[in-house]
Every structure is written in C-alpha cells, then in structure tokens.
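Participant: With the sequence up front, the predicted model follows.
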Amino acid sequence: MSTEMVVQPSQAQQPQEDWAQPEVQETFNVHDDSTANWVIKKIVECRNYADRCDQWCAREKNRARRDEEFFLFKYGPQLRDYAKQKIAEGKNRRKSVNLPAGTVGFRKENAKLVVDDDTLVLAWAKEHAPELVTTVEKISKTALNEHLETTGEMPQKGVHIEPEREQFFVK
C-alpha cells in the first residue's frame, strides 16, 4: 500500500456515476501553508480510509473462505450423497441438481500430469528430452544502465532516455 502517489495531469479523475464529489466550499483555494496543509491532510485521510477498507475486505474474504471450508468439511459428504441420489432419481442424463441458491453436481475431469518436484523433472528432461526445457532471456535494466554510465554506449533502437524532470507528489 503506497503512502505516496505521483500525480500526472492525465490522471485527473472525472466524476463517475457511483462517485460523489466531497463537499468543499466552492470558493476554496490553496493560497497559504494552512490551506495547502488542509488539502494534504484530506488526501492522507482518503488514503488511510482506502487502506482500512482494503484491510476490512481482506478480513471478510478470509472469513468467507473459512466459512466455506467449514461447510464443505461438515456437510460436503452429505451434499455429495444428496446430489448422487437426486441424479439417480432423474429420468434424464443430467449430472447436476439446480437449486435456488446454486447448483451441485459432478463433472468429468480428464487425467492430468502433476509435477511434484520441478528440480527432478527438469533434470530428467535435460537428459531425456532437452526440447522440453526452455530458457527465458531478459534484459537486465540495472546492467544496461551501468553499461550506459560506464561506456556511454546504448542501443540505437528500442530505448530512449527520458530527460530529468521534477515530479509532483503528495505523501
């Protein structure tokens, strides 16, 4: 969670349908330390509120997952047996039961390969089937910057240097 936000002019937020603009006197403007401090205080309050909302949401998601695990552990086998019974009673080929709150049923899962130990499988593939092994190439931006600083040399295409500038921030 960032405590600093860089403000770009292109990021100016336009009011959206589900967003109400905070109440501020129409004549308010930033003209001294006190008014600038008030705006910064409001921005920090908004960020803190957003952080609290994120934390609350994370707690609620964890609670919901724990509740789901509980219900699946406690009632999953009973629900499975109920679904089997209802499907067996049916006169069609359906493999699910639709209820107002949701659907229970069975679906075929194809066999699949599960890698338990990447290191062992990689060693096997290198020896027996090297075409299965891939190498990922990636440019090191740190090394490229060091090379530029040391030699002054850089690729003619694919890169550019952004000029030094001052960037406005609020933290």
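Facilitator: Sure, I can see it.

Participant: following the lowest-mean-pLDDT helix or strand in the chain, which helix or strand comes up?
Facilitator: Among the helical and strand segments of the chain, the one scoring lowest on mean pLDDT, DSSP states H and E is strand 5-6, with a mean of 52. Next along the chain after strand 5-6, taking DSSP states H and E as the criterion, comes helix 33-89.

Participant: ok now that following helix, how far from the chain's centre?
Facilitator: 15 Å (Cα atoms, centre = their mean, to the nearest Å).

Participant: Then stretch 138-151?
Facilitator: On Cα atoms, centre = their mean, the centre of stretch 138-151 falls 30 Å from that of its chain.

Participant: Just the buried positions in it, please.
Facilitator: Judged by neighbour count using 16 or more other Cβ atoms under 10 Å, stretch 138-151 contains no buried positions. The C-beta positions use only the backbone N, C-alpha and C, and glycine is treated the same way.

Participant: Name the residues that touch it?
Facilitator: Glu153, Met154, Val159 (Cβ atoms under 8 Å, 6 or more residues apart in numbering).

Participant: tally of neighbours for the last one?
Facilitator: With neighbours defined by other Cβ atoms under 10 Å, the count for Val159 comes to 11.
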